[in-house]
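# below: sequence and its predicted model.
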Amino acid sequence: MVPPSPVIGRAPALLLALLLPACTIITDDAYEWRVSQGGDAGDDGGEDSGCTPSTWFADADGDGLGDPDQTTEACDAPTGTVANGDDCDDGDAAIGAGIEFFGDADGDGYGVASVTQTACTAPTGFVATAGDCDDDDGDVNPGATESCATEADDDCDGQTNAQDADACTVFYLDADGDGYGDGDATECWCEPTGDYRGDQPGDCADDSFGVNPGAEEICFDGIDNDCDGRGCQLTGLWTEADADGSYSGAGGSEAGDRLAMLPDTDGDGRAELAVGASRYQDSGARPGAVHVLAGDSLGEDSLEAVDIGLFVGIDGGDRAGRGLSGLPDQDGDGLAELVVGAPSADAGATDGGVVYIVSGPATGDASLDAADAILWTATTYEYAGRAVVGVPDATGDGVPDLLVGAPGNDLGGNSAGAALLLAGPFSGTVDLTTLQVATLFGQSANDGAGRQVGSAGDVDGDGLTDLLVGAHQNDGGGSNAGAAYLVLGGVEGELELSDADLVLLGAAAGDVVGRALAGGADADGDGVDDLLIGAEGADGGAGAVYLVSGDERGLRSLSDVGLRLSGEAAGDAAGTDLAFVGDLDRDGRSELIVGAPGSDRRVEDGGAVYLVYGGLGGALALSDADLVIEGADGGLGSSVAAGLDLDGDGIPDFAAGAVTASDGDGAVRLFLGGGL
């Protein structure tokens with residue numbers, strides 16, 4: 001509508017109009033019109049426009065909520081302000097009108113997610129952290145430690161008595177549930193959980209219930225039932241009656257004077273046992289003989305009833321069988337050979353000695369003059385063959401060799417003795433000097449070197465067999481203290497034994513070290529073959545045995561090296577013979593046996609044999625041996641043999657001779673090895 005014309009009705013108003021510059025007079029009607037048009041009735045562009053200012057709140061974080069402490073009064077909203085003051089933190093858009101707080105009835109600092117309030121600051125009884133699974137118990141919350149002492153879910157993680165809880169128990173992974181677990185697989189629980197249920201470690205077969213450290217070893221089942229790394233052990237106190245095989249000689253033959261285990265010589269896949277009977281009687285004379293027994297000849301019988309081979313000396317007094325050994329297959333037929341020494345045979349000279357080689361199969365009855373090889377010497381009283389040992393290869397030509405003891409050899413002085421290294425193959429009747437590669441001769445007259453010889457295995461790892469020589473009457477450590485020598489393979493020509501790679505002197509006068517020697521096995525588990533040295537005269541005849549590492553070199557006294565195994569009583573003569581048995585219990589270490597033919601443990605001079613398991617350390621009295629076998633007749637332990645499997649069960653066996661049993665008939669006792 002058109003506004004009405006102003007009406008000036010009073011003189012003062014007219015006078016004012018005449019005195020002031022021209023201006024518009026707004027009447028009440030005009031004001032109301034402007035308001036009706038949506039304008040600001042008082043807004044004429046100045047402070048006196050007539051608006052009412054509003055309070056505006058700063059919104060620094062741009063979340064649409066203003067800071068109640070930062071305000072501006074204006075008719076219109078200034079830039080960066082909003083009309084509300086609801087922001088709890090204008091520096092954090094995420095906080096906005098407040099944060100959610102959770103009811104915490106038990107006051108442990110953790111609230112219940114279902115009880116909430118939104119506020120700028122925590123209301124009484126509310127906290128900022130939720131997750132409490134029991135708001136009536138201040139000890140139960142996400143910050144607590146799970147404990148095996150309660151049944152509650154202490155830390156509110158959904159698990160009670162969980163892994164690694166406070167005061168938990170370590171359990172071993174026990175898949176087979178036999179109570180023993182894998183020591184490398186553990187978890188800590190309040191109670192057995194899943195397969196973590198074993199409370200003891202050490203299970204060696206966690207897929208087999210009943211195979212664990214608490215089980216009893218079962219012999220010959222092929223299993224390490226008790227997880228000790230060993231099989232059955234033959235332990236305790238036995239007599240000859242406990243032997244698996246007992247074989248008696250006859251006619252004063254002194255059977256068991258020497259024993260040797262032969263690699264398979266008859267083709268049945270098992271080793272055989274050779275028994276020397278050096279006074280065996282034939283046609284009124286005593287040339288001596290060797291019985292060969294099959295490994296499955298068990299029970300009790302005479303040697304002649306059970307032997308599969310009998311090889312008889314040629315002339316009375318030859319003492320065939322005093323030297324005895326096997327020889328690895330030299331003729332390529334797959335069968336081992338039998339080596340028999342007759343040290344008093346006169347083939348080339350009086351008591352020069354002869355060595356016979358019978359190629360496999362060593363079966364049937366025959367005179368040794370039909371042997372495949374007859375090795376003789378023309379040197380009088382050399383007694384070649386008093387000891388013999390077949391060695392795989394000491395010369396490096398790939399052919400088995402033979403070490404022959406000749407204790408009467410005079411190269412180093414009258415009866416200084418020697419060991420003769422002969423290179424194979426052997427055949428025909430020949431002077432053994434034509435086969436000699438090396439002569440290892442004694443240091444001094446009457447040393448008697450070669451009374452015993454042995455194979456040391458390969459102690460230096462060069463692929464050649466190393467050699468052992470005993471000189472039981474050597475005086476280097478005292479009168480008849482004796483000595484033992486290690487000569488590394490590859491030796492040639494003449495070598496005085498003082499220049500041997502290792503010289504071991506007896507510890508005291510009368511020890512007679514070197515009448516018994518053995519090598520080729522590791523008894524201490526260090527990976528190096530050890531040497532076994534007998535000293536039957538030590539300690540007033542009680543005897544002793546020394547275990548020496550094959551790593552030793554130079555001149556040493558046995559009082560300073562090795563492990564000493566001492567005989568029990570004077571006269572026992574422990575160490576008269578000895579042998580490495582092989583690993584009966586599968587722990588990677590060889591066992592050893594020691595003969596003490598003079599022992600009176602059961603009967604006077606009944607003898608004894610001691611079995612000692614490998615891994616031993618420190619000095620040992622043979623009375624503490626794992627197994628003691630007491631002789632009940634005569635001279636048990638005069639000879640021993642071991643290291644091969646006679647009965648085909650995969651476990652080495654051992655045998656002992658009792659040369660004075662039955663008034664000189666002699667006897668042999670065979671014991672089958674225990675094991676897995």
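Thanks, I have it. All figures in this text were calculated on a predicted structure; none of them were measured in a lab. Numbering: from 1, shown residues only.

# contacting residues for the residue lying closest to residue 513 once chain neighbours are set aside?
Closest residue to residue 513 apart from its sequence neighbours, by CB to CB, 6 or more residues apart in numbering: residue 482 at 3.3 Å. No exception for glycine: its C-beta is placed from N, CA and C like everyone else's. Going by CB atoms under 8 Å, 6 or more residues apart in numbering, residue 482 touches 470-474, 505-506, 511-515, 535, 537.

# ditto for residue 237
Contacts of residue 237 by CB under 8 Å, 6+ apart are 627, 628, 630.

# same thing with residue 587?
229, 230, 525, 614, 615.

# by pLDDT, give me the weakest of these.
Within these, pLDDT reaches its minimum at residue 230, with 67.

# so residue 602 sits against residue 631, correct?
Yes: at 6.3 Å, residue 602 and residue 631 qualify as touching, with contact defined as CB atoms under 8 Å.

# ok, residue 545 touching residue 565?
Yes: assessed by CB under 8 Å, residue 545 is found in contact with residue 565 at 4.4 Å.

# where neighbours are concerned, which of the contacts of residue 587 has the most?
Counting neighbours by other CB atoms under 10 Å, residue 614 leads the contacts of residue 587 with 24 neighbours.

# distance of it from residue 540?
29 Å (CB to CB, to the nearest Å).

# give me phi/psi at residue 303?
When read as degrees, to the nearest 10, the backbone of residue 303 gives phi -60, psi -40.

# hmm, I was thinking of residue 339
The phi/psi pair for residue 339 (degrees, to the nearest 10) is phi -110, psi 130.

# distance check, the residue lying closest to it once chain neighbours are set aside against residue 274.
Of all residues not flanking residue 339 in the chain, residue 325 sits nearest, at 4.4 Å (CB to CB, 6+ apart). Noted for residue 325: a distance of 8 Å to residue 274, by CB to CB.

# list residues touching both of the two?
Shared contacts of residue 325 and residue 274, counting by CB under 8 Å, 6+ apart, come down to residue 260.

# on the three-state scheme, residue 369 is what?
With DSSP: H, G, I helix; E, B strand; the rest coil as the basis, residue 369 sits in helix.

# contact partners for the closest residue to it other than its chain neighbours?
Excluding its sequence neighbours, the residue lying closest to residue 369 (CB to CB, 6+ apart) is residue 314, at 5.0 Å. With contact taken as CB under 8 Å, 6+ apart, residue 314 is in contact with 287, 320, 342, 345, 367, 368, 369.

# also residue 631?
Taking CB under 8 Å, 6+ apart, one finds 239-240, 597, 599, 601-603, 606-609, 637, 658, 661 in contact with residue 631.

# now, which of those residues lie within strands?
With strands defined by DSSP state E, the entries of these inside them are 239, 608, 609, 637, 658.

# run through the bridge partners of the third one.
When you say that, I think you mean residue 609. residue 595, residue 629 (DSSP bridges).

# number of nearby residues for it?
Around residue 609 there are 33 residues (other CB under 10 Å).

# what mean pLDDT does the host helix or strand of residue 402 get?
Assigned by DSSP states H and E, residue 402 belongs to strand 401-406. Mean pLDDT, strand 401-406: 98.

# quick check: the farthest pair among the ones in strands among the contacts of residue 631?
239 and 637 (13.0 Å; CB to CB).

# more neighbours: which of the two?
Using other CB under 10 Å, the more surrounded residue of residue 239 and residue 637 is residue 637, with 33 against 19.

# now the strands for the stretch 251-400 of the chain?
For the stretch 251-400 of the chain, strands defined by DSSP state E, counting those that start in this stretch occupy the ranges 255-262, 272-277, 289-294, 299-302, 307-312, 323-327, 337-342, 354-358, 364-367, 373-376, 387-391.

# redo those strands as TSV? Include distance to residue 140, mean pLDDT and mean neighbour count.
Listed next are the strands of the stretch 251-400 of the chain as TSV, based on distance: least, CB to CB, whole Å; pLDDT from 0 to 100; neighbours: other CB atoms under 10 Å:
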stretch	distance to residue 140	mean pLDDT	mean neighbour count
strand 255-262	74	96	28
strand 272-277	77	97	29
strand 289-294	79	96	25
strand 299-302	77	93	14
strand 307-312	84	96	22
strand 323-327	79	97	27
strand 337-342	84	97	30
strand 354-358	89	98	28
strand 364-367	91	96	14
strand 373-376	92	96	24
strand 387-391	79	97	27
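
# what's the closest of these to residue 425?
Residue 425 sits nearest to strand 373-376 of all the strands of the stretch 251-400 of the chain, at 8.5 Å, using CB to CB.

# partners of that closest one in the sheet?
Strand 373-376 is paired, per DSSP bridges, with strand 354-358 (antiparallel), strand 428-431 (parallel).

# gap between the shortest one and the chain center?
Offset of strand 428-431 from its chain centre (CA atoms, centre = their mean, to the nearest Å): 49 Å.

# could you do stretch 369-382 as well?
Worked out by CA atoms, centre = their mean, stretch 369-382 lies 48 Å from the chain centre.

# compute the first-to-last residue distance for that stretch.
20 Å (CA to CA, to the nearest Å).

# so which bits of that stretch are buried?
For stretch 369-382, a neighbour-count test (16 or more other CB atoms under 10 Å) marks 371, 372, 373, 374, 375, 376, 377, 379, 381, 382 as buried.

# isn't the third one right next to residue 422, touching?
Translated: residue 373. No: at 10.1 Å, residue 373 does not count as touching residue 422 under the criterion of CB under 8 Å.

# correct me if wrong: residue 339 contacts residue 390.
Yes: here residue 339 reaches residue 390: they are 5.5 Å apart, a contact under CB under 8 Å.

# name the residues contacting each of the two.
In contact with both residue 339 and residue 390: 325, 326, 327, 402, using CB under 8 Å, 6+ apart.

# and those residues as a markdown table, adding distance to residue 245?
What follows is the shared contacts of residue 339 and residue 390, written out as a markdown table (distance: CB to CB, whole Å):
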| residue | distance to residue 245 |
| --- | --- |
| 325 | 21 |
| 326 | 19 |
| 327 | 24 |
| 402 | 29 |
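
# which pair of the residues you listed spans the longest distance?
The span of those, defined through CB to CB, is set by 326 and 402 at 10.9 Å.

# overlap in contacts, these two.
With contacts defined as CB under 8 Å, 6+ apart, the residues shared by residue 326 and residue 402 are 339, 390.

# can you give me the helices in the stretch 401-550 of the chain?
538-541 (DSSP state H, counting those that start in this stretch).

# ok, the nearest residue to residue 337 once chain neighbours are set aside - contacts?
In space, and not counting its chain neighbours, residue 337 is closest to residue 327: 4.1 Å by CB to CB, 6+ apart. For residue 327, the residues meeting the contact criterion (CB under 8 Å, 6+ apart) are 336, 337, 338, 339, 357, 390, 400, 402, 424.

# look up how far residue 622 lies from residue 327.
Taking CB to CB, one finds residue 327 at 32 Å from residue 622.

# equivalent analysis for residue 375, please.
Residue 375 is 38 Å from residue 622, by CB to CB.

# what's the spacing between the residue nearest to residue 205 when sequence neighbours are not counted and residue 178?
Leaving aside its chain neighbours, residue 205 sits nearest to residue 211 (4.1 Å; criterion: CB to CB, 6+ apart). Counting by CB to CB, the separation of residue 211 from residue 178 is 8 Å.

# that's all I had, so thanks and see you.
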